[in-house]
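Asks: need coordinates for the following:
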Amino acid sequence: MAKSPEVKLAVFGRAGVGKSALVVRFLTKRFIWEYDPTLESTYRHQANIDDEMVSMEILDTAVKEHHLAKV
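Replies: So this is what the prediction gives:
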């Protein structure tokens with residue numbers, strides 16, 4: 001049996017723009033309304049894409065403003 005493809009994804013953006021809300025919406029189909037600043041979170045998820053199981057690792061970052069200029 002072939003190993004399932006692995007995808008690594010990082011979400012970047014300014015504080016308070018909804019990075020975590022977007023990730024949670026993708027993973028759970030729910031939207032979180034409250035703002036809770038994220039230090040940094042990593043999520044693992046498997047999805048069936050085009051009849052193939054794909055493993056995902058999603059990094060929800062906590063980027064400081066001065067670091068965004070480097071991205």
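
Asks: surely Ala62 touches Thr42?
Replies: No. Using Cβ atoms under 8 Å, Ala62 makes no contact with Thr42, being 11.8 Å away. Backbone N, C-alpha and C define where each C-beta goes, glycine included.

Asks: pLDDT weak spots in this protein?
Replies: 1, 63-71 (pLDDT under 70).

Asks: so which helix or strand takes in the residue nearest to the spatial centre of it?
Replies: Closest to where the C-alpha atoms of the chain average out (Cα atoms, centre = their mean) is Ile58, at 3.9 Å. In this assignment (DSSP states H and E), Ile58 forms part of strand 52-60.

Asks: name the residues of that strand that are buried.
Replies: Met56, Ile58, Asp60 (16 or more other Cβ atoms under 10 Å).

Asks: ends of stretch 30-42, what's the gap?
Replies: By Cα to Cα, to the nearest Å, the extent of stretch 30-42 from end to end equals 18 Å.

Asks: how far does it sit from the chain's center?
Replies: 11 Å (Cα atoms, centre = their mean, to the nearest Å).

Asks: ok, stretch 39-50 next?
Replies: Distance of stretch 39-50 from its chain centroid, counting by Cα atoms, centre = their mean, is 7 Å.

Asks: show me the strands in the protein, by range?
Replies: Using DSSP state E, the strands found in the chain span residues 6-11, 41-49, 52-60.

Asks: between the second one and strand 52-60, how many degrees?
Replies: For strand 41-49 and strand 52-60, the angle between their directions (axes from the mean of the first three to the mean of the last three Cα atoms, to 10 degrees) works out to 160 degrees.

Asks: same thing with the first one?
Replies: Comparing the axes of strand 6-11 and strand 52-60 via the same axes, to 10 degrees yields an angle of 30 degrees.

Asks: who does strand 6-11 pair up with?
Replies: Using DSSP bridges, strand 6-11 pairs in its sheet with strand 52-60 (parallel).

Asks: alpha carbons only: can I get the strand it pairs with in PDB?
Replies: Output of strand 52-60 as PDB, limited to C-alpha atoms (Å, rounded to 0.1, in the frame of the first residue of the first chain):
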ATOM      1  CA  GLU A  52      -6.800   9.800  -2.100                       C
ATOM      2  CA  MET A  53      -6.200  10.300   1.600                       C
ATOM      3  CA  VAL A  54      -3.900  13.300   2.200                       C
ATOM      4  CA  SER A  55      -2.200  14.000   5.500                       C
ATOM      5  CA  MET A  56      -1.900  17.700   6.400                       C
ATOM      6  CA  GLU A  57       0.100  19.500   9.000                       C
ATOM      7  CA  ILE A  58      -1.200  23.100   9.500                       C
ATOM      8  CA  LEU A  59       0.900  25.600  11.400                       C
ATOM      9  CA  ASP A  60      -1.100  28.500  12.700                       C
END
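
Asks: nothing else from me, thank you.
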